[in-house]
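Undergrad: show me the folded form of this:
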Amino acid sequence: MAFVTGASRGIGREIALAFAREGFDVAFTARTVREGDGRVAPRTHGDPIPVPGSLATTAAEVEALGVRAMPVPMDLLDLHSVTAAVDRVLEEWGGVDVLVNNAYAQTAGNMDRILDIDVADAETMVRGNFLHQLALVQRLLPQMVARGSGVVIDLVSGSAATDPPAAPGEGGWGLSYAASKAAFGRLAGAVNAEYRDSGIRAFNLSPGFVVTESGQARGGTDAIVDSGFDAVPATVPARAAVWLATDPGADRFVGKVVWAPKLVDALTV
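TA: Residues are numbered from 1 along each chain as shown. Next up is the predicted model:
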């Protein structure tokens, strides 16, 4: 069974569907329960922006592939919501074979420049993008260790290790978001150091630059493309995630950041 966070749209939705095509039952989370209710925070400040996608829509698409779907409402900024979501999946389905940490905190201020950053906004991003992700992993690891197997795939961001080519809004990205994702990027290595001998494998998967529905709604992605970052479809990291979870050859990527476009190119040769 696969558990995918942030799967109402974008990369998470494609990952959930990719695992379903491989015969996995899929539990998945998101904030948006019904179609038409989706909203994302703007890149700077302002009113929430409507976006398509929902748990209900993804559930219908997963079930159409002949496997079980468990849509679970979850908000990364709400710790109780995170732990309750995991507890529900474990209670109803008994265990998780593959965890894909795709969701990230979509908060205001993630494209603010240094002197415009509100420390409270930055703190919120760290809480959602690292601390509550840690809490989720802590909740799931014991049952993987007890079973002697499990895969954790963390969707990391290139912004965590790459200096922006320009200021936010001019082809670069905001410090607060990049810093929160940098902290998140240390999680897989810690899991491997402590639990590799218990049959657990954790991977950092960098999806490439994917223009999702949320990214399109917020704007600003054209400037990043113009600065030299080629966009790839969400199906690319989805295919990479399934391969990492299912192919024995994936072991060679433990401890490395897997660049999804490069991996998928190699798989198609």
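
Undergrad: burial check on Arg127, number of neighbours?
TA: Residues contacting Arg127 under the criterion other Cβ atoms under 10 Å number 18. Bear in mind the C-beta positions are built from the backbone N, C-alpha and C, glycine included.

Undergrad: my bad, Thr162
TA: Taking other Cβ under 10 Å as the neighbour definition, Thr162 ends up with a count of 13.

Undergrad: relative to Leu141, how far out is it?
TA: Using Cβ to Cβ, to the nearest Å, one gets 29 Å for the distance from Thr162 to Leu141.

Undergrad: kindly report the same for Arg113.
TA: In this structure, Arg113 and Leu141 are separated by 38 Å, where distance is defined by Cβ to Cβ.

Undergrad: ok, those two, which is more surrounded?
TA: Ranked by neighbour count (other Cβ under 10 Å), Arg113 and Leu141 place Leu141 first, with 20 against 14.

Undergrad: for the protein, which segments count as strands?
TA: Using DSSP state E, the strands found in the chain span residues 2-4, 26-30, 39-40, 49-50, 69-73, 98-101, 150-155, 200-206, 257-259.

Undergrad: where does the prediction get shaky in this structure?
TA: Counting by pLDDT under 70, the ranges of the chain that qualify are 38-45, 50, 211-229, 269.

Undergrad: rerun at 90
TA: Residues of the chain that meet the criterion pLDDT under 90 lie in 34-53, 105-111, 158-159, 161-162, 168-173, 209-232, 268-269.

Undergrad: what's around the nearest residue to Arg139 once chain neighbours are set aside, how many residues?
TA: Distances taken as Cβ to Cβ, 6 or more residues apart in numbering place Val86 nearest to Arg139, at 4.2 Å, with adjacent residues excluded. By the measure other Cβ under 10 Å, the count of residues near Val86 is 24.
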